[in-house]
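Visitor: Have a look at this fold, sequence not included:
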């Protein structure tokens, strides 16, 4: 009797497992989605776009999607609209006021480049199937800059590789990050060089200075048949921050905005050389 009862329980459990399995799979089998869906993926824009203010978006839709739309709004504006309209009302708002994504129907992936964004923007996408709508979003912060000093950048090391001894440039600070600066158009129009101040200071005969990092930056210059020249600090070259903070390969900014840059010029095959360039503020 116990044996038969045990078989009965197993059969009952098997029925429950089968039932649960069917429930989980509903809507996940290809072509069996219960409602439209759209996902937004964000990618850095490559040249000739400006990665500071342009963004590449990929809109991925599912089989149930009949049409899709996107709307680009300042994040604070989007939040105010959602508070006023509600989530469902805002999706209707995107469909009515946004841009229809061409080719976004059924299973699809559509790439769109959006340019000239300054500040924090939210891009909301809505998928539509009949009366059903679903949405997703992504946030992109476009960098904006304020001038802090004009001056001359001296390519003491760089002149050996780019053939330029000095250029007039503008040192700017990012409006959303007080530790992020750039030398505007240092290597030509659209080729600025960013520097990131860090919490290390020291001093020399010229006064106290604050350390900064120089992330990898491309230039329009080439080195023979070896391809494009890039720049970075020694810490990024060696993959070790201590080269900058503890080993004497630091770059620094003084209170008057004068800068010295311990910089590495490199190509894809390796480093060309490293040493110092300088910026002297007017």
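Guide: Nice, I can see it. Just so it is clear, the model here is predicted, and its values are computed rather than measured.

Visitor: Show the low-confidence segments of this protein, by residue range.
Guide: 1-33 (pLDDT under 70).

Visitor: And the residue nearest the centre of it?
Guide: residue 44 (5.1 Å; Cα atoms, centre = their mean).

Visitor: measure that one to residue 78 for me?
Guide: 22 Å (Cβ to Cβ, to the nearest Å). C-betas here are computed from N, CA, C, even on glycine.

Visitor: cool, and residue 131?
Guide: Look at residue 131 and residue 78: by Cβ to Cβ, they are 23 Å apart.

Visitor: which of the two has more neighbours?
Guide: Between residue 131 and residue 78, residue 78 has the larger neighbour count (other Cβ atoms under 10 Å), namely 22 against 5.

Visitor: Checking my notes, that one in a helix, right?
Guide: Yes - assessed with DSSP: H, G, I helix; E, B strand; the rest coil, residue 78 lies in a helix.

Visitor: Do a quick rundown of the helices in the stretch 101-250 of the chain.
Guide: Applying DSSP state H, counting those that start in this stretch to the stretch 101-250 of the chain gives helices spanning 159-162, 234-238, 242-245.

Visitor: Would you mind telling me which of the ones you listed is nearest residue 137?
Guide: helix 234-238 (32.5 Å; Cβ to Cβ).

Visitor: Show me which of the helices of the stretch 101-250 of the chain has the highest average neighbour count.
Guide: Highest mean neighbour count among these (mean count of other Cβ atoms under 10 Å): helix 234-238, with a mean of 20.

Visitor: Let me see the residues that make contact with that helix.
Guide: Identification of contacts with helix 234-238 by Cβ atoms under 8 Å, 6 or more residues apart in numbering yields 213-216, 241-245, 249, 262, 264, 266, 271, 274.

Visitor: Quick one, which of those residues are buried?
Guide: 213, 214, 243, 244, 245, 249, 262, 264, 266, 274 (16 or more other Cβ atoms under 10 Å).

Visitor: where's the last one, which helix or strand?
Guide: Here residue 274, judged by DSSP states H and E, is contained in strand 270-281.

Visitor: Counting neighbours, which bits of that strand end up buried?
Guide: The neighbour-count check on strand 270-281 (16+ other Cβ under 10 Å) flags 272, 274, 277, 278, 279 as buried.

Visitor: Now distance to residue 189 too, for those, in CSV please.
Guide: Listed next are those as CSV, based on distance: Cβ to Cβ, whole Å:
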residue, distance to residue 189
272, 24
274, 26
277, 20
278, 22
279, 19
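
Visitor: Could you single out the nearest of those to residue 176?
Guide: Of all those, residue 176 sits closest to residue 279, with 22.6 Å by Cβ to Cβ.

Visitor: among the helices of the stretch 101-250 of the chain, which is nearest residue 111?
Guide: It's helix 234-238; of these, that one is closest to residue 111 (Cβ to Cβ) at 29.5 Å.

Visitor: Look up which residues are beta-bridged to the residue nearest to the centre of the chain.
Guide: residue 55 (DSSP bridges).
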